[in-house]
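Enquirer: kindly generate the corresponding structure for this input.
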Amino acid sequence: MADSVVRLKRPLAPLLAAFFLVPCMVCGVTPEQVQGRIDELAKRIKGSQSGNGAWNYPGRRSGFTALQLLALGHAGLTEEDRAVSRACKFLQRNFPNNDTYGVGLYAAAFEVINPKKYRAEIQKAAKWLIERQARNGTWDYQGENNGDNSVTQFALLGLKAALNAGVAVDQKVLDLSESHFRRTQLGDGGWGYSDQVAQMSPSMIPAGLTALHVAGVKERKSLELEKGPEFIGRYEMDPAVSKGIAAMSRSLGFSNAYLAYGIERVGIFYDRQFLGNVEWYPTGCAAIVRREVAVPKLGRGRGLFGGQVGGTSQNLAFNLLFLAKGDKPQLLTKVRWGATNDWNLRFHDSRNMIRVLSLQFQQKLDWQSATLQDEPARMNRTPIVYISGRS
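Expert: Numbers count the residues shown, from 1 in each chain. Predicted coordinates:
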């Protein structure tokens, strides 16, 4: 792993190195193959950078550059890398005015590179987005009128980056978007491209679920926290999230890189190892390593950098985002024992533990669940096995 793009940073690294990327072997792809694909994608993205630090896309150069920088940042590259440093300097000089996609990506890229150093840039992006939200809770391409769900999700990802960086965002802004996505959710649990489209689009399901997550909506609310210890193990499910995840599970596929990136967000935001019966990360890894993930087929001018120009670089960035963001060392296995849900009375305990340890070691970590009877090989992925609940 010494020559890999992604590196473990802290003293915990020797313990975790042996478990790094092991889940990918479930789908017949080795850790070395996944790491090799990450390195290849990062190298190709860096190789297409212009001398001024940008990645060129007619009319949306800053936003396109922010997308590439975001991908490289999640792959573990820092400003010690010349390509990253040059991209940061270019973006500081070229704020993507009149481009909502670009502004959202601008905030997200600087947040992953160095949220303290680039707080002013992130705050500028957040202010731009907040001021241009339409009354129905959406954004359009230029931040002038009612918009669609695709561009709105990238505005919200920018605001999430701002929140992560400690920038204040009025909850009313997030609530307005939450109301839009609750109001426009279709009967099958999905969302269309806009509130004018009554047909579900698989790539818009992550848009709706992203909006709900950024607004602070949880899939399940603990009644124990609200009403006392006698309600341990009892939760109130949010119907919009539950229906959305069910729709995502039914339409799960890795037909294009934009959709793969959406699946990755849903899996991470809602702490899902599985979507339906599919373990989404190793399945997506296998598709990307085998080059089965295509460039999204969008008409020129539609969607995020649609059309022919920039399609290949866009595809590389989304593939790298999927591999690198979902690629976190697994520290803990929570055992699924018994036929009931008694093993998981406190649904968020493992996630909360991992969050604290990630902060402590300054290293993103993850966890999984597995049964004692059917999946002994899964236990070997992690150095810690955790059993909880009541019998």
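
Enquirer: where do the strands of the stretch 151-300 of the chain begin and end?
Expert: Remark: strands assigned in the stretch 151-300 of the chain by DSSP state E, counting those that start in this stretch are 220-222, 235-237, 274-275, 278-279.

Enquirer: may I have the strands that pair with the third one, each with its orientation?
Expert: Partner strands and pairing direction for strand 274-275 (DSSP bridges) are strand 278-279 (antiparallel).

Enquirer: for this structure, which helix or strand comes out least confident on mean pLDDT?
Expert: Counting by mean pLDDT, DSSP states H and E, the chain has its least confident helix or strand at helix 13-17, which shows a mean of 41.

Enquirer: that helix: what's the following helix or strand?
Expert: Moving toward the C-terminus from helix 13-17, the next helix or strand (DSSP states H and E) is helix 31-47.

Enquirer: buried stuff in that following helix?
Expert: Within helix 31-47, the residues that qualify as buried are 31, 33, 34, 35, 37, 38, 39, 41, 42, 45, 46, counting by 16 or more other CB atoms under 10 Å. Where you see a C-beta, it was placed from the backbone N, CA and C, and this is true even at glycine.

Enquirer: kindly report the same for stretch 190-205.
Expert: Neighbour counts over stretch 190-205 (16+ other CB under 10 Å) mark 190, 191, 192, 193, 194, 195, 200, 201, 202, 203, 204, 205 as buried.

Enquirer: same check, this time on stretch 80-87
Expert: Residues of stretch 80-87 classed as buried: 81, 83, 84, 86, 87 (neighbour count, 16+ other CB under 10 Å).

Enquirer: what residues does the fourth one make contact with?
Expert: For residue 86, the residues meeting the contact criterion (CB atoms under 8 Å, 6 or more residues apart in numbering) are 49, 52, 53.

Enquirer: among those residues, which lie within helices?
Expert: The members of these all map outside helices under DSSP state H.

Enquirer: you'd agree residue 194 is up against residue 148?
Expert: Yes. Using CB atoms under 8 Å, residue 194 is in contact with residue 148, at 4.1 Å.

Enquirer: state the distance from the residue sitting nearest the centre point of the chain to residue 108.
Expert: Residue closest to the average C-alpha location in the chain (CA atoms, centre = their mean): residue 265, at 3.1 Å. Distance, residue 265 to residue 108, using CB to CB, to the nearest Å: 11 Å.

Enquirer: residue 362: how many residues sit nearby?
Expert: Per other CB atoms under 10 Å, the neighbour tally for residue 362 reads 9.

Enquirer: swap in residue 348?
Expert: Neighbours around residue 348, by other CB under 10 Å: 15.

Enquirer: against residue 230, how distant is residue 343?
Expert: 19 Å.

Enquirer: which one's more surrounded, these two?
Expert: Using other CB under 10 Å as the criterion, residue 343 and residue 230 rank with residue 343 on top: 19 against 8.

Enquirer: ok, now which ones touch that one?
Expert: Residue 343 makes contact with 334, 335, 336, 337, 387, 388, 389 under the criterion CB under 8 Å, 6+ apart.

Enquirer: how much space separates the third one from residue 211?
Expert: As judged by CB to CB, residue 336 and residue 211 stand 31 Å apart.

Enquirer: cool, the first one as well?
Expert: The spacing between residue 334 and residue 211, counted by CB to CB, is 29 Å.

Enquirer: more neighbours: those two, which one.
Expert: Each of residue 334 and residue 211 has its neighbours counted (other CB under 10 Å); residue 211 has more, 28 against 22.

Enquirer: burial count for the closest residue to that one other than its chain neighbours?
Expert: Counting by CB to CB, 6 or more residues apart in numbering, residue 181 is the residue found nearest to residue 211 once chain neighbours are left out, at 4.5 Å. If you count neighbours by other CB under 10 Å, residue 181 ends up with 27.

Enquirer: equivalent analysis for residue 229, please.
Expert: Residue 229 is flanked by 7 other residues according to other CB under 10 Å.

Enquirer: distance check, it against residue 346.
Expert: Using CB to CB, residue 229 is found at 11 Å from residue 346.

Enquirer: okay, and the common contacts of the two?
Expert: Residues touching both residue 229 and residue 346 (CB under 8 Å, 6+ apart): there are none.

Enquirer: low-confidence stretches in the stretch 151-300 of the chain?
Expert: By pLDDT under 70, the weakly predicted segments of the stretch 151-300 of the chain are 222-225, 227, 231, 233-235, 294-300.

Enquirer: same deal with the stretch 1-150 of the chain?
Expert: 1-27.

Enquirer: which other residues reach stretch 124-138?
Expert: Applying CB under 8 Å, 6+ apart, the external contacts of stretch 124-138 come out as 95, 97, 100, 103-104, 106-107, 110, 139-140, 143-149, 151-152, 155, 158-159, 161-162, 167, 169-170, 173, 176-181, 194-195.

Enquirer: put the alpha carbons of it into PDB.
Expert: Output of stretch 124-138 as PDB, limited to C-alpha atoms (Å, rounded to 0.1, in the frame of the first residue of the first chain):
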ATOM      1  CA  LYS A 124     -18.900  32.800   0.200                       C
ATOM      2  CA  ALA A 125     -20.400  29.800  -1.700                       C
ATOM      3  CA  ALA A 126     -23.000  29.200   1.100                       C
ATOM      4  CA  LYS A 127     -24.100  32.800   1.000                       C
ATOM      5  CA  TRP A 128     -24.500  32.700  -2.800                       C
ATOM      6  CA  LEU A 129     -26.600  29.500  -2.500                       C
ATOM      7  CA  ILE A 130     -28.800  30.800   0.300                       C
ATOM      8  CA  GLU A 131     -29.600  34.000  -1.500                       C
ATOM      9  CA  ARG A 132     -30.600  32.200  -4.700                       C
ATOM     10  CA  GLN A 133     -32.900  29.500  -3.400                       C
ATOM     11  CA  ALA A 134     -36.300  29.800  -5.000                       C
ATOM     12  CA  ARG A 135     -39.500  30.100  -3.000                       C
ATOM     13  CA  ASN A 136     -40.400  26.400  -3.600                       C
ATOM     14  CA  GLY A 137     -37.100  25.200  -2.100                       C
ATOM     15  CA  THR A 138     -35.200  24.500  -5.300                       C
END
